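> I would like to see how this sequence folds:
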Amino acid sequence: MNDFDALLARVLGQARALGLPVSARIDPHVAVNRRAVTRFGCCFQRGKDFRIELTQRLLEAPERACLQTLAHEVLHTCPGCRNHGLRWKEYARRMNEAYGYAISRTGSCEALGVADSRPVRHLVVCAACGMEFPRSRRSPLVDHPERYRCRCGGRLQRQF
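Numbering: from 1, shown residues only. The predicted structure follows:
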């Protein structure tokens, strides 16, 4: 089982060693979200204070996945980095190069080495290449797949 608090301290040290302007007002205790299904982590800001939470699914994940997710969230505490804009991407690139992470705007279960336990309630499939787009919630893609195209250019169809 991963010790998220110790891993957070490690990531903060790494970011500061690179001179990244991470906030000094990050709660040192990582909250565990037992309900999160589609996201791995989140950074909340209240006033000038930040709190980071990770999904319980990462408790049994490889340490690398936890470090990478924590690094992603820590970067959101830098000034001008609440979104995934150019500054956030530059800081992510620097962390990736220095520590071998693969921090990106979004993570996948496969990339993090975590079992995908999300329920698939809706499935959209490309008629041309067969690529599947599983969704646990209704979305514009699920309701109107005819408005979208696959990367290959094929038409999308709802299966269920």
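> now for stretch 124-141, what's the gap between its first and last residues?
8 Å (Cα to Cα, to the nearest Å).
> quick one: contacts of that stretch?
37-38, 118-123, 142, 145, 147-148, 150-159 (Cβ atoms under 8 Å, 6 or more residues apart in numbering). To be clear about C-beta, it is placed using only N, CA and C from the backbone, and glycine gets the same treatment.
> so of those residues, which ones are in strands?
The members of the contacts of stretch 124-141 that map onto strands under DSSP state E are 122-123, 156-158.
> Tabulate the residues you listed in CSV, adding columns for pLDDT, distance to residue 47 and neighbour count.
Formatted as CSV, those follow (pLDDT from 0 to 100; distance: Cβ to Cβ, whole Å; neighbours: other Cβ atoms under 10 Å):
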residue, pLDDT, distance to residue 47, neighbour count
122, 95, 39, 19
123, 95, 42, 14
156, 97, 43, 20
157, 96, 48, 12
158, 96, 44, 16
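> Let me know the closest of those to residue 53.
residue 122 (26.6 Å; Cβ to Cβ).
> related to what we said a few turns ago, which among the contacts of stretch 124-141 count as buried?
Buried members of the contacts of stretch 124-141, scored by 16 or more other Cβ atoms under 10 Å, are 122, 142, 145, 150, 156, 158.
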